[in-house]
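# what's the 3D shape of this:
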Amino acid sequence: MNVKLFSPFTIKDVTFKNRIVMAPMCMYSSHNKDGHIQNWHRTHYTTRAVGQVGLIIVEATAVTPQGRISPQDLGIWSDDHIDGFKEIVSLMKEHGAKTGIQLAHAGRKAVLEGEILAPSAISFNEKMKTPKEMTKADIAETVEAFKKGAERAAKAGFDVIEIHGAHGYLINEFLSPLSNKRTDEYGGPADHRYRFLSEVIDAVKSVWEGPLFVRVSAHDYNEDGLTPEDYITFSQWMKDQGVDLIDVSSGGVAPAQINVYPGYQVKYSETIKNGTEIPTGAVGLITTGKQAEEILQNDRADLVFLARELLRDPYWPRTAAKELGVQIEAPKQYERGWI
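Numbers count the residues shown, from 1 in each chain. Next up is the predicted model:
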């Protein structure tokens, strides 16, 4: 059997050496609160590159200061951030990994001092701050911030940009009728709720020619919310705008009870991939090589995104290769202990 997990995958002119992706995971480690790269990031990301992950996507990185989830988030709202990202990109590429960054805005889920923004003045829950409803000027400024973030990501040398449209953060808030109660052209029917994401995609693409991913939450887990079938429509619109891959997660836009089990989100990736004919990434409690290989062999996704499993095992590609009976190249310095 041809093992797909360790086969290359090309988008545009960027080839990943395998189908293993490190999903963006917030480290909350910019302790000086100015969004800069710290030693933790240098160690954390480079280790997974040494571990032979094909694509490493840097955590949700805020395009504006008030778009951070927390004061400890990484930022890309200033040219001062570029050099730090250049450094970690260089470190990861030295070990053969392709590199991505997730551009993000937390919206109403920001836990910060001062004003926070959202499509509508509705808090996530009773414990969280009520956001300011964004004016059209706020919307235009935020779209421009995503564009500037993409320009800086290009200068830093990233191979991939992912727009964060999931987990209840700002773009997801615009998409979902649970959090978007606007009555202007950014609210109401699906095409109006999509408008903000559409403008962000166009803005990013005006300065970025490389692979473009969008992470989505394909299920709101609420009878009045969005389902994977709704995301077939959104994904078709994204494909038409030139998005190259949909990274399919779920939940986070409103409090919900989610039945979590291994691979519980893979079916959403499969629904979007089959319904839109766009490449997808599957994520969510994928832990073994055999599980990842089943997803790829059955065409349920094109890439496998791992999160917590790569925290537990930075060398998971080696673990999966042994499980699947595949030999992968070791870092030269580790050859004696790799077999």
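# what's the spacing between Asp220 and Glu277?
Remark: distance between Asp220 and Glu277 (Cβ to Cβ, to the nearest Å) = 24 Å. C-betas here are computed from N, CA, C, even on glycine.
# just Arg193 next, same as before
With Cβ to Cβ as the criterion, Arg193 and Glu277 are 23 Å apart.
# Those two - which one has more neighbours?
Legend: neighbour count by other Cβ atoms under 10 Å for Arg193 and Glu277, higher for Arg193 (23 against 10).
# per-residue confidence for that one?
At Arg193, the model reports a pLDDT of 98.
# Lys33 too?
In this prediction, Lys33 carries a pLDDT score of 83.
# quick one, phi/psi of the residue lying closest to it once chain neighbours are set aside?
Of all residues not flanking Lys33 in the chain, Pro71 sits nearest, at 4.6 Å (Cβ to Cβ, 6 or more residues apart in numbering). Backbone torsions for Pro71, taken as degrees, to the nearest 10, come to phi -60, psi -10.
# so how many other residues sit close to Pro71?
17.
# ok, it to Lys148 distance?
21 Å.
# What of Gly84?
Distance, Gly84 to Lys148, by Cβ to Cβ: 16 Å.
# Likewise for Gly289?
Gly289 is 40 Å from Lys148, by Cβ to Cβ.
# Arg108 too?
Taken as Cβ to Cβ, the span from Arg108 to Lys148 is 22 Å.
# pLDDT below threshold where in this structure?
Counting by pLDDT under 70, the chain has low-confidence residues at 1.
# Can you identify each of the helices in it by residue range?
Along the chain, counting by DSSP state H, helices occupy 39-50, 82-93, 136-156, 170-175, 190-193, 195-205, 228-240, 266-276, 289-297, 308-312, 316-324, 335-338.
# Can you tell me which of those helices is packed in deepest?
Across those, averaging neighbours per residue (mean count of other Cβ atoms under 10 Å) puts helix 170-175 on top, at a mean of 29.
# helices and strands around that one, which ones?
strand 117-118, strand 160-165, helix 195-205, strand 212-217 (3 or more Cβ pairs under 8 Å, 6 or more residues apart in numbering; DSSP states H and E).
# again, only using 6 Å
Under the contact definition 3 or more Cβ pairs under 6 Å, 6 or more residues apart in numbering; DSSP states H and E, helix 170-175 sits against no other helix or strand.
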